[in-house]
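*Asks:* sequence unknown, structure follows:
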Ligand code: OW7
């Protein structure tokens, strides 16, 4: 409805502007000097309100500070880094697919979309085994905290203290195992690319953004493949489509639905004046189904040319962990495509309620072996 209402829509309830068409969302994402991140990418303006936790050095930053942080995380999560973890991620996906096929009926959110990333990502980061139960509750707070200041946000923040304490502790160098993403961030501090005080905040970014995103991406992919059996058949007939099937699920469901920017000056968007200091809310999921940009936007098509979708954002802030996300998606979907004949939804799904994330709390399925 927002997308069809106009190129820019004023939301008076919060005194912000919404953009939900592909062209405007893409334009805002690609003009970071005018639409900044350092005043927060949630509803709250950090120029007026103190953030609920110290601002992220990468997500909630602008150049030049952002550029240095970005360079470090890009290198830690580079193609070369993926090569080192790929075999381990593949083996874990095979094992998970075998175990779930033996069970036949299970919850594809908790037992697959959550269980697989939890079996590979915390180890790749270098976290110790104790306390990992805080990871998903912490991410839930982070994504609810982008606002608005509703019950979901307030309750999440009120209960966040133990999760925040855990995360802060795990970000310290002595708690990160050698060879992991965390230790590699500290190595960049040793090389002088970031300061010693910045390293733990970059580890925190991975703890904040590295699990709930891939979990809801994988959940979206399973939900799509279970609902659209012709697409499942297509994937089964050519498992090399797994990576694109995952990417198309990101476009189709857009697990991260919304982010804000803040106007740094008076600016026009498609002929509509936005005043300095106003928040602009980008609807990524709406842009990803804009018929002005996409053919048959409401169809999930594993062979679609997905490039240009904004499910990972666009421009200088585009998801720095996208290679990890795609690796997880590809490995898990490829294992399922080779081992399972069918995925059926066996009971009604339950939606997830979160201010930023779109996904499911429960997706009961039955798999049949190939
Ligand atoms: C961070 C998916 C967007 C995020 C999300 C939440 C937190 C952070 C990044 O990326 O702490 O930098």
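*Replies:* Structure's in. What do you need? Keep in mind that this is a model prediction, so the values were computed, not measured.

*Asks:* which SS state does the nearest residue to residue 144 once chain neighbours are set aside fall under?
*Replies:* Leaving aside its sequence neighbours, residue 144 sits nearest to residue 156 (Cβ to Cβ, 6 or more residues apart in numbering; 4.2 Å). For every residue, glycine as well, the C-beta is placed using N, CA and C. Three-state assignment for residue 156 (DSSP: H, G, I helix; E, B strand; the rest coil): helix.

*Asks:* Okay, residue 156 and residue 11: tell me how far apart.
*Replies:* Between residue 156 and residue 11 the distance is 22 Å, computed by Cβ to Cβ, to the nearest Å.

*Asks:* same thing with residue 118?
*Replies:* Per Cβ to Cβ, residue 118 is found 36 Å from residue 11.

*Asks:* Mind telling me which residue is nearest the centre of this protein?
*Replies:* The residue lying closest to the centre of the chain (Cα atoms, centre = their mean) is residue 213, at 3.1 Å.

*Asks:* you'd agree that one is up against residue 250?
*Replies:* No. With contact defined as Cβ atoms under 8 Å, residue 213 does not reach residue 250; the gap is 9.5 Å.

*Asks:* intersection of neighbour lists for these two?
*Replies:* residue 325 (Cβ atoms under 8 Å, 6 or more residues apart in numbering).

*Asks:* How many neighbouring residues does the closest residue to the ligand within the stretch 251-370 of the chain have?
*Replies:* Closest residue of the stretch 251-370 of the chain to the ligand, Cβ to the nearest ligand atom: residue 256 (5.2 Å). Residue 256: 25 surrounding residues under other Cβ atoms under 10 Å.

*Asks:* same thing with the one 4 residues further on?
*Replies:* Number of residues near residue 260 (other Cβ under 10 Å) recorded here: 24.

*Asks:* wait, isn't it in contact with residue 16?
*Replies:* Yes. Using Cβ under 8 Å, residue 260 is in contact with residue 16, at 7.2 Å.

*Asks:* residues shared between the contacts of the two?
*Replies:* With Cβ under 8 Å, 6+ apart as the test, residue 260 and residue 16 both reach 43, 279, 280, 281.

*Asks:* Summarise which helices and strands the longest helix along the chain is packed against.
*Replies:* Counting by DSSP state H, the longest helix found in the chain is helix 79-103. Where contact means 3 or more Cβ pairs under 8 Å, 6 or more residues apart in numbering; DSSP states H and E, helix 79-103 is packed against helix 115-125, helix 322-339, strand 364-369.

*Asks:* what helices or strands is the following helix or strand past the first one leaning on?
*Replies:* Elements were assigned by DSSP states H and E; along the chain past helix 115-125, the next helix or strand is helix 135-144. Counting by 3+ Cβ pairs under 8 Å, 6+ apart, the packing neighbours recorded for helix 135-144 are helix 151-158, helix 161-170, helix 198-209, helix 212-227.

*Asks:* ok, back up a step: could I get the helices and strands packed on helix 79-103 as a markdown table with mean neighbour count?
*Replies:* Converted to a markdown table, the helices and strands packed on helix 79-103 look like this (neighbours: other Cβ atoms under 10 Å):
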| stretch | mean neighbour count |
| --- | --- |
| helix 115-125 | 21 |
| helix 322-339 | 23 |
| strand 364-369 | 17 |
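
*Asks:* Could I get the contacting residues of residue 11?
*Replies:* 17, 18, 281.

*Asks:* what helix or strand is the second one on?
*Replies:* Using DSSP H and E, residue 18 sits within strand 16-19.

*Asks:* That strand pairs with which strands, parallel or anti?
*Replies:* When pairing is defined by DSSP bridges, strand 16-19 lines up against strand 9-11 (antiparallel), strand 279-283 (parallel).

*Asks:* With mean pLDDT and distance to the ligand as extra columns, can I get the ones you listed in JSON lines?
*Replies:* JSON lines is the format used below for the strands paired with strand 16-19 (pLDDT from 0 to 100; distance: least, Cβ to the nearest ligand atom, whole Å):
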{"stretch": "strand 9-11", "mean pLDDT": "98", "distance to the ligand": "22"}
{"stretch": "strand 279-283", "mean pLDDT": "99", "distance to the ligand": "12"}
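
*Asks:* Buried deepest among those, which one?
*Replies:* Among the strands paired with strand 16-19, strand 279-283 has the highest mean neighbour count (mean count of other Cβ atoms under 10 Å), at a mean of 24.

*Asks:* doesn't residue 354 make contact with the residue of the stretch 251-370 of the chain closest to the ligand?
*Replies:* No. Applying Cβ under 8 Å as the test, residue 256 and residue 354 come out as separate, 10.1 Å apart.

*Asks:* Quickly list what's touching both of those two.
*Replies:* With contacts taken as Cβ under 8 Å, 6+ apart, the residues that reach both residue 256 and residue 354 are residue 143.

*Asks:* check contacts around residue 188.
*Replies:* Applying Cβ under 8 Å, 6+ apart, we find residue 188 in contact with 72, 75, 76, 194, 199.

*Asks:* Make a PyMOL selection of the buried ones in the residues you listed.
*Replies:* Buried residues among the contacts of residue 188 (16 or more other Cβ atoms under 10 Å), as a PyMOL selection:
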select buried, resi 72+76+194+199
